[in-house]
Every structure is written in C-alpha cells, then in structure tokens.
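need a 3D model of the following:
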Amino acid sequence: MSDSRYPVLDSGLAFFNHAGVSPLPADVAQAVRDYADQAGRSGYFGSTWQDDMADFRAVAAELIGARSATEIAFVPNTATGVSVSAGSLGLQDGDRILVTDAEYPSNRHFYNSLQQRGVELDVVTQHDDGRIPTEDLLSAVNERTKLVGLSHVQWGSGFRSNLRPIADAVHAVGGLLSVDAIQSAGALPVNVVEDDVDILACGGHKWLLGPTGSGLLYIREELIDGLIPPVLGANSMEDGLAAGNAELRLAPTAARFEPGATPTATMLGLRASIRHLLGVGIDNVWAQLESVTAYLCDALADAGCRVYSPRGESERSGIVIFDPPDDLAARESVDDTWERLQDSGIITAVRFGRLRASPHFYTPESDIERLAAALKP
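Numbering: from 1, shown residues only. You can find the predicted model right below:
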C-alpha cells in the first residue's frame, strides 16, 4: 500500500508502535522543515509563528472538545503537564490522591514526590485481565480525595476507562480529575466537557502523529484563576516583561503554565498533525482504527496468539497486547521474538512480558498479515 501522506508505508516497515513514537505524516514533517528554513533565513522576522501558535490553541481545543482556546497551554510532554498542574493545586498534609498501579511511571513519580508534604496516595489495583473496573475507582474515592490521576487508556493493557462516572464521584467530594490522554488523543474521540475533566495532559508523539517534545495541557477555565504554577516566568504573567514588576499578576489563561520560550518547531509540527487528524475526522479515525484492530485481533488469534487487551466496546483502544503462540514461546523469549520481528522490519514493543501492537487508522491489512505470519510457529 502506498499513500504519499504517510511515508512510513513506503519504508519497508510494518509499523505497530504508535503507542510509542509515531512516524510523522508528510505534512507534519514539512511543517517542521518550513520552520527551520524560515528561522535559518531570517529568524523570527517576517514569520507567522505568533499567529500559528494562536491557531494551535484553537485546533487543540477543538481536538479535545474544550470550550475555549484560553484553556490550552503548550507543554513539551505529558509528564510536564501532569507535574505542573498537580504542583499548582496546593495539596497539603492529609490530602489524598487516587491513582492506579498500572499508570505510566512518569505520572506516578510526581505524585509520589508529594508524599514528602504529607499527601497520601490511594492505589487501585489493575485486575489480572487488564481491566480497572470503574466500581473499584468509585469505591476508593473518599472525602479526602483531592485528585484522581488516571490514564484514559493504559499503556500496558490498552484498557480504556469510562471517565464521566469517575469525574462525578470525585467532584461530589470536592476533588478534581486529571487525565493523561497520550494513549487516547488522536486515536479516539476525547471530550473534556462531556466527561467533565478538570485537567488533561497529552504529549504529541504517539497517536497524534506529532514530533517528540510537543504536547498540550488543558485546564478547565473555572480553575485557572486559583492555580499558581510551580514554575513561572515572564510568559506566565500579565505584562511579565515590565521592568521592575514586583507584582504577582498571572496571565488569566492557561498560558500561565508557559514560563518561557515555546519549543516552536515541535509545536508547529503538532499543530500540523492535529489539523491533519481533524481533517480526516476523529470519528472517522476511530472507526477505521476499530476496524484495523479487530482485523489484527482476528489475525493474531488465527496465528495462535492470545490477546490480553480488554476488547469490550467501551474498553478497547488502539493498543493490542498479546502473548505469542505457545509453540513459539517454547523456542524463544518474548524479547527474542520482539528483536526478531524488528530485525525483519516489523516494529512492535514489549510491555510487562507481552508483545504490544499499536497500529493506526492508516495501517494496511498487508502489514497485519505480515505480522501474523511472522508469529506462526
């Protein structure tokens, strides 16, 4: 299959690691090159970067269903978004954060650090089948829960949580819901208003098909005035470049979470990738990706593999975790299988002793058949 929009399709690779770092579509790579060319010729002079970045906020808001572009801040990655937002909440001794034991390590590190202030963590355990039942999370919310920090889609199982009941439960006790959307945004519909999400962080280099070092942070408008980011700079302020300004007058928008110069090249790349996906239509992306992953699961089953990822209608995502066939597993380790696949140009990942395949909506059936054939004993 050849499609000039996606150069990876002509690379000889069968690429199944969009949950890791995605190849760039042609127009996204071109946006980064255009920045570099213009910056090389004349620096910022004559550029449209300021207007382009304002447009980035608008398209990012559209992507996640935010009410306003003023709720969007630029961050270089998910970890930064999670950390600076949680660090702005003023959590104190005795406050509790609810997390799961399946979260990506970067999310837990900052929450763990807050224990030095006396903040306590409640940890809900992922079940052996990869599920984290909503009921388990709801039952763990209590009157001291100030924050639920949760991945929309789990990186090691592909399980997708139903966010709205969790938001309702934590809001009922006066807490907030912070969502890591790096494994969902760009793959399936995300809507912070419908799910009543307070904070959302997302890097751009996975399903959003953007460059590494790009990302977005959403802060619900009603919260912004009450938050003081733990990292501040001139760009965080109203009139922040005024000489001798000794007042703490923070920007009234989520831009207060941007202390200094923006990584313009990567953000312009992410702007291009979001516009690309919005052009396809996120509902169309998800419908096609559901079809691709269903075909993949059937092909893996035919090859003798066991799919681990929950595949219920409200649970599935673009991630498919699976065990190789028993006969193959008897001859080589999972790591050896991964290495053999990679050596043959089939790009997967290993997570928690299992193989992870993460196609995207444009992945052709021929790539899936190539992967399945390589896994047959």
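
low pLDDT regions in the stretch 1-150 of the chain?
Scanning the stretch 1-150 of the chain for pLDDT under 70 picks out 1-2.

the strands in it, which residues?
14-15, 72-75, 96-100, 120-124, 145-151 (DSSP state E, counting those that start in this stretch).

could you export those strands as a markdown table, including mean neighbour count and distance to Ala234?
Quick note: C-beta positions are derived from backbone N, CA and C, even for glycine. Converted to a markdown table, those look like this (neighbours: other CB atoms under 10 Å; distance: least, CB to CB, whole Å):
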| stretch | mean neighbour count | distance to Ala234 |
| --- | --- | --- |
| strand 14-15 | 24 | 41 |
| strand 72-75 | 26 | 15 |
| strand 96-100 | 24 | 31 |
| strand 120-124 | 16 | 35 |
| strand 145-151 | 24 | 29 |
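
how far out from the middle of the chain is the helix or strand containing Ile321?
Element membership for Ile321, per DSSP states H and E: strand 320-323. Averaging C-alpha positions (CA atoms, centre = their mean, to the nearest Å) puts strand 320-323 20 Å from its chain's average.

and what of stretch 99-106?
13 Å.

quick one: buried residues of that stretch?
Across stretch 99-106, burial judged by 16 or more other CB atoms under 10 Å covers 99-100, 102-104, 106.

out of the strands of the stretch 1-150 of the chain, which is closest to Ala373?
Ranking those by distance to Ala373, with CB to CB as the measure, places strand 14-15 first at 10.3 Å.

show me what that closest one pairs with in its sheet, parallel or antiparallel.
strand 346-347 (parallel) (DSSP bridges).

identify the residues contacting stretch 322-335?
By CB atoms under 8 Å, 6 or more residues apart in numbering, the list of residues contacting stretch 322-335 from outside reads 300, 303-309, 337, 340, 350, 353-357, 375-377.

among these, name the buried ones.
For the contacts of stretch 322-335, buried by 16+ other CB under 10 Å: 300, 303-305, 307-309, 337, 354-357, 375.

quick check, nearest of these to Ser85?
For the buried ones among the contacts of stretch 322-335, the minimum distance to Ser85 (CB to CB) is 27.5 Å, reached by Arg356.

help me confirm that that closest one is found in a strand?
Yes - secondary structure of Arg356 (DSSP: H, G, I helix; E, B strand; the rest coil): part of a strand.

quickly list what it is bridged to.
Ile321, Ala349.

thinking again about what came up before, from the buried ones among the contacts of stretch 322-335, which single one is nearest Asn162?
Closest approach to Asn162 among those (CB to CB): Ser309, at 16.1 Å.

pretty sure that closest one sits against Arg160.
No - using CB atoms under 8 Å, Ser309 is not in contact with Arg160, being 9.7 Å away.

any idea how far apart the tips of stretch 181-190 sit?
8 Å (CA to CA, to the nearest Å).

can you list the buried residues in it?
Neighbour-count burial for stretch 181-190 [16+ other CB under 10 Å]: 181-188, 190.

please enumerate the helices of the protein.
26-42, 49-64, 78-87, 105-113, 134-140, 163-172, 221-224, 264-280, 282-302, 326-329, 334-343, 365-375 (DSSP state H).

want to throw those helices into TSV with distance to His18?
Converted to TSV, these look like this (distance: least, CB to CB, whole Å):
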stretch	distance to His18
helix 26-42	13
helix 49-64	16
helix 78-87	15
helix 105-113	18
helix 134-140	26
helix 163-172	21
helix 221-224	31
helix 264-280	12
helix 282-302	9
helix 326-329	24
helix 334-343	15
helix 365-375	12
